[in-house]
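**Student:** I would like to see how this sequence folds:
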Amino acid sequence: MANPQAKKKRVPVHGVLLLDKSVGHSSNDALIKAKRLLNAEKAGHTGTLDPFATGLLPLCFGEATKFAQDLLDADKTYETVVHLGIRTVTGDTEGEVISTCAVNAERDQIEAVLSRFRGELDQIPPMYSALKRDGKPLYEYARAGVTLERDARRVTIHMLELLDYQSPYLTLRVQCSKGTYIRVLGEDIGAALGCGAHLRELCRIGVGSLSLDHAVTLDMFAEMSELERAEALAPVDALLSSFPAVNLPEALAKRFLQGQRLALGKEGVAIAEGEGRVRVYRESDGQLLGTAQLKEFGVLAPERLVALNNQ
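**Tutor:** Next up, the predicted model:
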């Protein structure tokens, strides 16, 4: 007789779940629950969202985990509500209030201040962050009342748009480079306005070319059938859509999967001009083979390969 308590055997699952994370869930909790619902062998996420934040959290399964770094390095887009006049210890709603100030900012003043935060700027990571010092995350030091010196990091704010201002709430859309802390951006804007600030809401609406538009919540995912969950996954190459594609005939595809460098020009494969990262497919069936670097003179150097027997 089967043991009803026996663990269900994990199965190979390959693809990307565009999750709309709700308030209160940590990114790791969301990953564990989604992995359990899919009964997947291997899973990983592409950069965390704070528990108080919502929005797009792409979760990778199986072969897609090999390309998770590409989304870690990708630009992110957020919508956030900045609460002017109140500073908290964490820079968001989860920390205790440390100061309050009257808010007298006018819209034109806010626009002028925002212009100072577009482009490249130096940002000091917050103490309440997962960055590690001597193997321990900074937030553990912060909770113990210890403040450490942190080096400023160079980040880029590609877009900073004022969506709405109903004092004391400032609604912004931000597109930024990896490693940007929106909490710190909100605090710095508040400081520049002379009243301080913290984030009231934060929603990530884009990661690279991926959008929140087609994301599902954990509750929605839990209500789906097993087949519907499998169909909800985007293909592995959804993480690679920003890279040019190279299609290889069968013989070259086999050599590519063996890790061989290929001189595409000599092999008669048409390629776009230029060099850089590309996604590689088998021409006959459109199967993703992996990523590669397209180098000078049309040399294709394999980078990360897909295990086809797992597809």
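
**Student:** any idea of the pLDDT on A6?
**Tutor:** Each residue has a pLDDT score; the one for A6 is 49.

**Student:** Hmm, I typed the wrong one, I wanted H45.
**Tutor:** 78.

**Student:** beta partners for L19?
**Tutor:** Taking DSSP bridges as the rule, L19 bridges to L57, V216.

**Student:** Would you check that it makes contact with A34?
**Tutor:** Yes - at 6.5 Å, L19 and A34 qualify as touching, with contact defined as Cβ atoms under 8 Å. The way it works is simple: take the backbone N, C-alpha and C, and place the C-beta from them, glycine included.

**Student:** if I look at these two, which residues touch both of them?
**Tutor:** 59, 218, 221 (Cβ atoms under 8 Å, 6 or more residues apart in numbering).

**Student:** Closest to C101 out of those residues?
**Tutor:** Top of the list for closeness to C101, among those and by Cβ to Cβ, is L218 at 38.0 Å.

**Student:** sorry, back to before: when L19 and A34 are compared, which one has more neighbours?
**Tutor:** L19 (27 against 22; other Cβ atoms under 10 Å).

**Student:** Now do the contacts for that one.
**Tutor:** 30, 34, 56-59, 215-218, 221.

**Student:** Would you check how far apart it and D50 are?
**Tutor:** L19 is 15 Å from D50, where distance means Cβ to Cβ, to the nearest Å.

**Student:** Same check on V216?
**Tutor:** On the measure of Cβ to Cβ, V216 and D50 end up 20 Å apart.

**Student:** ok, those two, which is more surrounded?
**Tutor:** Shown here are V216 and D50; by other Cβ under 10 Å, D50 has more neighbours (22 against 18).

**Student:** quick one: the more buried one and D92 touch, right?
**Tutor:** Yes - between D50 and D92 there is a contact under Cβ under 8 Å: 6.9 Å.

**Student:** joint contacts of these two?
**Tutor:** Counting by Cβ under 8 Å, 6+ apart, the residues touching both D50 and D92 are 183, 202.

**Student:** so which strand or helix has D29?
**Tutor:** helix 27-38 (DSSP states H and E).

**Student:** for E120, same thing?
**Tutor:** Here E120 sits within strand 119-123, counting by DSSP H and E.

**Student:** how about that strand: buried residues?
**Tutor:** 121, 123 (16 or more other Cβ atoms under 10 Å).

**Student:** send the alpha carbons of that strand over as PDB?
**Tutor:** Output of strand 119-123 as PDB, limited to C-alpha atoms (Å, rounded to 0.1, in the frame of the first residue of the first chain):
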ATOM      1  CA  GLY A 119      21.400  59.600 -15.700                       C
ATOM      2  CA  GLU A 120      24.400  58.200 -13.900                       C
ATOM      3  CA  LEU A 121      24.700  58.800 -10.200                       C
ATOM      4  CA  ASP A 122      26.400  57.400  -7.100                       C
ATOM      5  CA  GLN A 123      24.100  55.600  -4.600                       C
END
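
**Student:** List of residues touching that strand?
**Tutor:** Against strand 119-123 from outside (Cβ under 8 Å, 6+ apart): 152-157, 180-181, 184-185, 188.

**Student:** Nearest residue to L72 in space, please, no chain neighbours.
**Tutor:** Counting by Cβ to Cβ, 6 or more residues apart in numbering, L72 lies nearest to G47, which is 5.1 Å off, once chain neighbours are set aside.
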